[in-house]
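S.K.: Okay, sequence plus prediction incoming.
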Amino acid sequence: MWNYQKKLQYPVNIKKPDAKAAKIIMSQYGGPDGEISASLRYLSQRFSMPDGVLIGTLTDIGTEELAHMEIVGSIIHQLTRNLTEAQIEAQGFDAYYTDHALGIWPQSAGDIPNNALAYASKGNVVADLNEDLAAEQKARATYDNLLRLVDDPDVIAPLRFLREREVVHYQRFGEALNHYHENCRNQPRLFTGFGGKS
Amino acid sequence: MKDKNSREYLLQKWQEYSFAAYDARLYLDTHPDSRAALNYFNKFNKLQNKVAAELQERYGAVNTDLDTELQSWSWLNMPWPWTEGGNA
C-alpha cells in the first residue's frame, strides 16, 4: 500500500524553458532504463522473493523509483511549461506536442513507448538481483549521457542527485545478492533468519 | 536570516530530513542489525514527521498519515510539488 507525500524527494526549480532538453530527459521517465521501468521491475520482482531482506529492499527501492519518476516528470513539465508555438517548433518538440501537447507520456528519447520487455522479472532470485545490478548501471549511464548534453545548472542539479541514487541502489542490490548467497541458498524457501556474518 | 516559520524553510527541512531517513532505511534493509543505522533512522524519521506536522498545521495538508487534525481539506491546495512555488 502506498502513501503519497506532497513533496519531491529532491527540489526542482527550473527557470528557463528548453523543450530540446525535455525531449531527451523523457528517457528517464518512460525509456527502457528510466524510473518507471525501474519501479515496475523491482515492485514486480518482490512478490517471488524468499525473505524480508529481499522483499524489503525491492519494496523500498521500487518505491523510491516512483519518487524519482515524479522528479523526472517535474523536470519535463517545468522545461516545457508555457512554451510558445515558435519555441515548440524551433526546439524540435512539435512531433511529441502533436500527440501529447504539454502532457507527460512515458516514452524514450527515441520515441519508443515504455515497454515491459525492457524489464525482467524471472521469479529467480539470482537472475532478478543480477538484472537489478545491471538496471542500476544502465540508469546511471543514461544520467551520465544526459549530463553531457545539458547545460542548465537548474536541470543538472536534480539529474546529478538521481545519478547518485543509482550508485547507492547498485550497492544495496549487491548486498542483497550477497545476503542471498550467504544465507538463503540450500535453505527451505521460508528461511527468514541470518546464519552468516552481518 | 532565513525565516524558520516560512513554508520554504519547513519544506526544505522536510525534504532534507525525509531523504536522510529514506537513505538510512535502504541501508537497514541490507544491514538490519546495525544499531547505529537504526538510531540514525529514528532520529531523522522523528525530525521529518515533526517538521512535516508543522508545515501541515501552518500551510495545509502534505501528509495525511500524520497525527494532525485537518481544519479543511487543504490537500487540494496549490502549489503541488512540480508547480510554481512547489519547491523551496
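M.R.: Happy to help now that I have it. Residues are numbered from 1 along each chain as shown, chains lettered A, B, ... in the order given.
S.K.: From chain B, how far off is A:Met69?
M.R.: Using CB to the nearest CB, to the nearest Å, one gets 12 Å for the distance from A:Met69 to chain B. All C-beta atoms are positioned from the backbone trio N, CA, C, and that covers glycine.
S.K.: For chain A, list the residues in contact with chain B, please.
M.R.: Residues of chain A found near chain B, taking CB under 8 Å from any CB of the partner chain as the criterion, are A:3, A:5-13, A:53, A:56-57, A:60-61, A:64, A:70, A:73-74, A:77-78, A:168-169, A:172, A:175-176, A:179, A:194, A:198.
S.K.: Run through who's touching the host helix or strand of A:Ala135.
M.R.: Following DSSP states H and E, the helix or strand that holds A:Ala135 is helix A:125-149. The set of residues that contact helix A:125-149 without belonging to it, under CB atoms under 8 Å, 6 or more residues apart in numbering or on different chains, is A:21, A:24-25, A:27-28, A:31-35, A:37-38, A:41-42, A:45, A:48-50, A:54, A:58, A:119-122, A:156, A:159-160, A:162-163, A:166-167, A:169-170, A:173-174, A:176-177, A:180, A:184.
S.K.: Just the buried ones from those?
M.R.: Applying a neighbour-count criterion of 16 or more other CB atoms under 10 Å in any protein chain shown, the buried members of the contacts of helix A:125-149 are A:21, A:24-25, A:27-28, A:31-35, A:37-38, A:41-42, A:45, A:49-50, A:54, A:58, A:119-121, A:159, A:162-163, A:166, A:169-170, A:173, A:176-177, A:180, A:184.
S.K.: So which of those sit within strands?
M.R.: Nothing among the buried ones among the contacts of helix A:125-149 maps onto strands, per DSSP state E.
S.K.: Take the residues you listed and keep only those in helices.
M.R.: Taking DSSP state H as the definition of helices, the buried ones among the contacts of helix A:125-149 contribute A:21, A:24-25, A:27-28, A:35, A:37-38, A:41-42, A:45, A:54, A:58, A:159, A:162-163, A:166, A:169-170, A:173, A:176-177, A:180.
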